[in-house]
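Enquirer: from the sequence below, what's the structure:
(one chain, ligands or ions: 2)
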Amino acid sequence: MRIVVLSGGIGGARFLAGVRAYARTAGADVTAVVNVGDDVILHGLRICPDLDSVMYTLGGGADPERGWGRAGETWTVSGELAAYGAEPTWFGLGDRDVATHLVRTTMLSAGYPLSAVTEALATRWQPGVRLLPATDDRLETHAVVTVPEAERADDGAAQRAIHFQEWWIRHRGALPTHRFVFVGADAAKPAPGVLDALAGADLVLLAPSNPVVSIAPILAVAELRDALVSGPAPVVGVSPIIDGAPVRGMADRCLAVLEVPCTAAGVAGLYGARADGGILDGWLVDETDAQSAVPGVTVRPAPLWMTDEAATVAMVRAAVELATDGGRSA
Ligand code: GDP
Ligand code: CA
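Expert: Numbers count the residues shown, from 1 in each chain. Ligands and ions are numbered 1, 2, ... in the order given. Predicted coordinates for the structure are as follows:
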């Protein structure tokens, strides 16, 4: 069995740990297609937060408390940059993490595409799944916000598009926000291997990642989305919303920008039923959301708290069962 998972960072990484454990017992092979919309260049370094969260988590190198970055991290470089007054100072850049970004940036500068760089970094971490960026092309999530008066540029414009990282980390997602834009998405092509993985998949899973800023930027790559909509494999999503709230993170704020209800059914409606040109065949919701109804989609309840790997494996098993006996046959 071949499983493809669309994933963001921390939530996606946890889910993927469960998919990997499931795959080991079921003899399945796993490809993760990971969001690059959060990627940013800071201090000359190319940083890929979601790819790194997945790579460190699956490779046993992630900080379990923070959920992002390296375990045993130190912050000497950040302190030195701050002493120079080098902006931005709001992005956490650990010393161990910097080594990853140096290797990545050096390889990109030498002409290697991000997919090849990711494969090279993964030879160290051995994540046990194939890691692919959604695209090798530039695709950046920006938020169109109303800027506080004191921070307006000379033209006085009230609205400005800022990078997702600035929106979330610097402003804590708190600025009045009008929409998200995936800069570069129109021209972006799926990274090498993505379309083949989807064409050969027996099952596609959507991790319970942020639907607006982790999964939507992946789906903004038109050929990738088309391959899901018209592909042979059933697509089953796992709800990141339990009982009207995101388990962790900011999906509620992001959904509010889109005026989508922060509910399991609201997120499924955003993805849409494959029967109606959307992407979902099946939707796994938490038991507290068992009453959720999504037209055209098979909804099934299961415990969705990823409290430990065993709980996550049980979620994955429920998603596989939904695909094989509930959605389109696998
Ligand atoms: P990020 O890119 O690091 O923000 O991580 P993701 O987008 O991959 O995942 C963030 C999402 O994971 C959040 O919106 C949460 O709702 C969801 N999430 C985190 N933990 C859990 C969990 O235990 N169960 C479920 N169902 N969702 C979770
Ligand atoms: Ca992310």
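Enquirer: and residue 126, what is it in contact with?
Expert: Listed by C-beta atoms under 8 Å, 6 or more residues apart in numbering, the contact set of residue 126 reads residue 59. Just so you know, the C-beta spots here come from the backbone N, C-alpha and C atoms, and that holds for glycine as well.
Enquirer: now swap in residue 190 and tell me
Expert: By C-beta under 8 Å, 6+ apart, residue 190 lies in contact with 134-135, 221, 223-224, 227.
Enquirer: how close does it sit to residue 135?
Expert: Going from residue 190 to residue 135 by C-beta to C-beta, to the nearest Å gives 6 Å.
Enquirer: shared neighbours, these two?
Expert: 221, 224.
Enquirer: so for stretch 302-321, what gets flagged as buried?
Expert: Neighbour counts over stretch 302-321 (16 or more other C-beta atoms under 10 Å) mark 302, 304, 306, 312-316, 318-321 as buried.
Enquirer: over to stretch 199-214?
Expert: Buried residues in stretch 199-214 (16+ other C-beta under 10 Å): 201-214.
Enquirer: go on, stretch 115-132?
Expert: 115, 117-118, 121-122, 125, 127-132.
Enquirer: all helices of the protein, in order?
Expert: For the chain, applying DSSP state H gives helices covering 10-26, 49-58, 76-83, 95-109, 114-125, 164-165, 194-199, 216-219, 222-230, 251-257, 264-271, 309-325.
Enquirer: who does the first one touch, helix- and strand-wise?
Expert: In terms of contact count using 3 or more C-beta pairs under 8 Å, 6 or more residues apart in numbering; DSSP states H and E, helix 10-26 is assigned the packing partners strand 2-7, strand 29-34, helix 49-58, helix 309-325.
Enquirer: can I get these in JSON lines with distance to ligand 2 and mean pLDDT?
Expert: Listed next are the helices and strands packed on helix 10-26 as JSON lines, based on distance: least, C-beta to the ion, whole Å; pLDDT from 0 to 100:
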{"stretch": "strand 2-7", "distance to ligand 2": "9", "mean pLDDT": "98"}
{"stretch": "strand 29-34", "distance to ligand 2": "9", "mean pLDDT": "98"}
{"stretch": "helix 49-58", "distance to ligand 2": "4", "mean pLDDT": "98"}
{"stretch": "helix 309-325", "distance to ligand 2": "18", "mean pLDDT": "96"}
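Enquirer: nearest residue to the residue of the chain found nearest ligand 1 in space, please, no chain neighbours.
Expert: Ligand 1 sits closest to residue 11 of the chain, with a gap of 2.3 Å, by C-beta to the nearest ligand atom. For residue 11, ignoring the flanking residues on the chain, the nearest one in space by C-beta to C-beta, 6 or more residues apart in numbering is residue 209 at 4.9 Å.
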